[in-house]
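Quick one: sequence and predicted model below, then my questions.
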Amino acid sequence: MEIKFADTFSKSLKKLMWHESKIYKFYSFFRYDIMRFIKNVWRFRKPLSRHYWWDHHGTLMFMEVGLTHMSENLEKKGMEIEISRMKKVEAIKRAVQIIKNYNESNYIEMAESEVGPLHLHDWEFEEVPDNPGFSRLVEKETEEEKKHNRKVFNRARQIEKEEWKELMHLLQGQDIKGYKKFEKTLTEEEKKETNQYYNWFDGSGIKGWWD
């Protein structure tokens with residue numbers, strides 16, 4: 001059996017070999033890498049200024065900026081078919097929003113939108129009768145207000161926990177074994193449809209967020 005290759009294959013192979021050469025890498029460094037570095041310094045200027053070795057929020061900011069840049073370009077310039085590409089875009093945007101919620105501590109506001117606003121009072125101090133020269137905070141909250149505020153704080157912690165778990169799923173992606181289980185729910189006619197994988201696919205999985 002005779003095997004033939006199209007001209008495009010040989011051209012692609014030559015291009016790949018050229019890109020691996022030392023001459024091209026030297027050229028690419030000055031032609032592309034330096035300019036990309038400068039652009040990235042500007043793009044990541046905020047997380048660069050907020051990064052500390054002892055704090056993870058700055059590291060998450062790098063991910064927020066990088067994923068935002070990725071989703072914008074994948075949506076506008078991506079060459080992947082639309083049904084899977086747009087699911088990835090939505091998953092990336094959701095990951096960005098979760099990171100932003102975490103870094104900005106938005107959970108109290110989110111809980112208040114569900115449960116109702118916190119009952120807050122202005123601070124007021126009074127002298128301690130048996131300890132002259134000392135003051136204590138006057139407690140103005142009623143038992144009902146305390147109960148409501150605890151409900152808001154508990155819901156805020158619950159939202160944070162749920163979103164962090166969701167973020168881990170978005171980054172890890174779906175287990176392909178889940179598709180096998182999904183297939184078992186389909187009728188024989190549905191199995192013949194070519195887009196069933198994309199019906200199951202939810203866009204998650206950072207390893208697949210490329211174009």
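Alright, I've got the coordinates. Numbering: from 1, shown residues only.

Mind telling me what element the residue sitting furthest away from the middle of the chain is part of?
No residue in the chain sits farther from the centre than Asp130, which is 54.7 Å out by CA atoms, centre = their mean. Assigned by DSSP states H and E, Asp130 belongs to no helix or strand.

which helices and strands does the lengthiest helix in the chain pack with?
Secondary structure of the chain read by DSSP state H shows that its longest helix is helix 143-172. Judged by 3 or more CB pairs under 8 Å, 6 or more residues apart in numbering; DSSP states H and E, the packing partners of helix 143-172 are helix 82-103, helix 107-115. Heads up, the C-betas are built off the backbone N, CA and C, glycines and all.

Dump these into JSON lines; add mean pLDDT as well.
Shown next, in JSON lines, are these (pLDDT from 0 to 100):
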{"stretch": "helix 82-103", "mean pLDDT": "97"}
{"stretch": "helix 107-115", "mean pLDDT": "97"}
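
tilt between the longest helix of the chain and helix 82-103?
When axes from the mean of the first three to the mean of the last three CA atoms, to 10 degrees is applied, the directions of helix 143-172 and helix 82-103 differ by 140 degrees.

out of the helices and strands packed on helix 143-172, deepest packed?
helix 82-103 (a mean of 18; mean count of other CB atoms under 10 Å).

got a list of what the most centrally placed residue in the chain touches?
When CA atoms, centre = their mean is applied to the chain, the residue found nearest the centroid is Ala95 (2.2 Å). For Ala95, the contact set (CB atoms under 8 Å, 6 or more residues apart in numbering) comprises 67, 167, 170-171.

Equivalent analysis for Met86, please.
Residues in contact with Met86 (CB under 8 Å, 6+ apart) are 75, 203.

Let's see that with 10 Å instead.
By CB atoms under 10 Å, 6 or more residues apart in numbering, the residues touching Met86 are 74-75, 78, 80, 203.

Listing request: residues of the chain with sub-threshold pLDDT.
In the predicted model, the chain carries pLDDT under 70 at residues 1-10, 13.

returning to what we had before: output the contacting helices and strands for the next helix-or-strand element following the longest helix of the chain.
Sequence-wise, the next helix or strand downstream of helix 143-172 (DSSP H and E) is helix 176-184. Counting contacts by 3 or more CB pairs under 10 Å, 6 or more residues apart in numbering; DSSP states H and E, helix 176-184 packs against helix 188-191, helix 196-200.
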